[in-house]
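Participant: Curious how this folds, go ahead:
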Amino acid sequence: MNYCYWLGSRRLYSLSRVLRDLGLKPDFGDTPEWVIRNAACRGKLTENYCYQLIQGRPVTIRSRHCGSLQEGVSERVQAFHRWMQKYKPEYVDHHGIVFSETDRVAWERDLRVLINGRLTLIDIKCTSKPEKDWPLQIGCGLSYDEDGAEQAAILHLNPTLNKDGYRFLNKWKPAQLRNWWARTVDRWRSNRDFNDLRNELGFDSEAFGFEAEGY
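Facilitator: The predicted structure follows:
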């Protein structure tokens, strides 16, 4: 799904749109729709409980909230709690929109915390396995963060990963993440500029995966 953001009357494109235009998003075309829908719902439920937990609010995971997803959500929230116990994060905020008016790209981050006094962007994932575009996602977040977050990491929650039920992927250097994102968005902007020219000349832009209007 591609989200659309607006800055006044100016359209900003989602991070997912950028990665999809460049062929960098995983292809779930053969996955049944109900599987994708359940995974997305489980992820959202898990995140919401995690945000409550890290703010010190009581958390009770009930079947009337989660239905058949209760066990999977509960296991992931427990894994999040184990991560909290180990890394001692201090809650800052969650679900902020970061963007660049120059790049015309926006992204909704998951969570920001302080770890050892350093402002850290955390992207929570509940998928079955890692995906190659994750470093680009947190690279975008670091590049656009309004407070200059010092570091970023992926918190992968899945009970099948290991005994803790999570992996904290913080191996990338912030400068490396920002560099990867800068190269990615520069390539996308070049492609978009070329598509603008095609539109002006009257060529069909749909074959290039871009919309004919809105740029």
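Participant: Okay, residue 64 and residue 123: tell me how far apart.
Facilitator: Noted for residue 64: a distance of 29 Å to residue 123, by CB to CB, to the nearest Å. No exception for glycine: its C-beta is placed from N, CA and C like everyone else's.
Participant: between those two, which one's more packed in?
Facilitator: Shown here are residue 64 and residue 123; by other CB atoms under 10 Å, residue 123 has more neighbours (19 against 6).
Participant: Report the beta-bridge partners for the more buried one.
Facilitator: Beta-bridge pairing for residue 123 (DSSP bridges): residue 154.
Participant: Was I right to think it contacts residue 110?
Facilitator: Yes - the pair residue 123 / residue 110 is scored as a contact, 5.1 Å apart, by CB atoms under 8 Å.
Participant: May I have the secondary structure class of residue 77?
Facilitator: helix (DSSP: H, G, I helix; E, B strand; the rest coil).
Participant: If you tally nearby residues, what's the number for it?
Facilitator: Around residue 77 there are 21 residues (other CB under 10 Å).
Participant: quick thing: my sequence starts at 50, can you match it?
Facilitator: Done: numbering now begins at 50, and the last item shifts to residue 126.
Participant: Once you drop chain neighbours, what's closest to it?
Facilitator: residue 98 (4.7 Å; CB to CB, 6 or more residues apart in numbering).
Participant: Can you tell me how far the one you found is from residue 131?
Facilitator: 14 Å.
Participant: Between the two, tell me which one has more neighbours.
Facilitator: Taking other CB under 10 Å, residue 98 and residue 131 do not tie; residue 98 has more neighbours (22 against 14).
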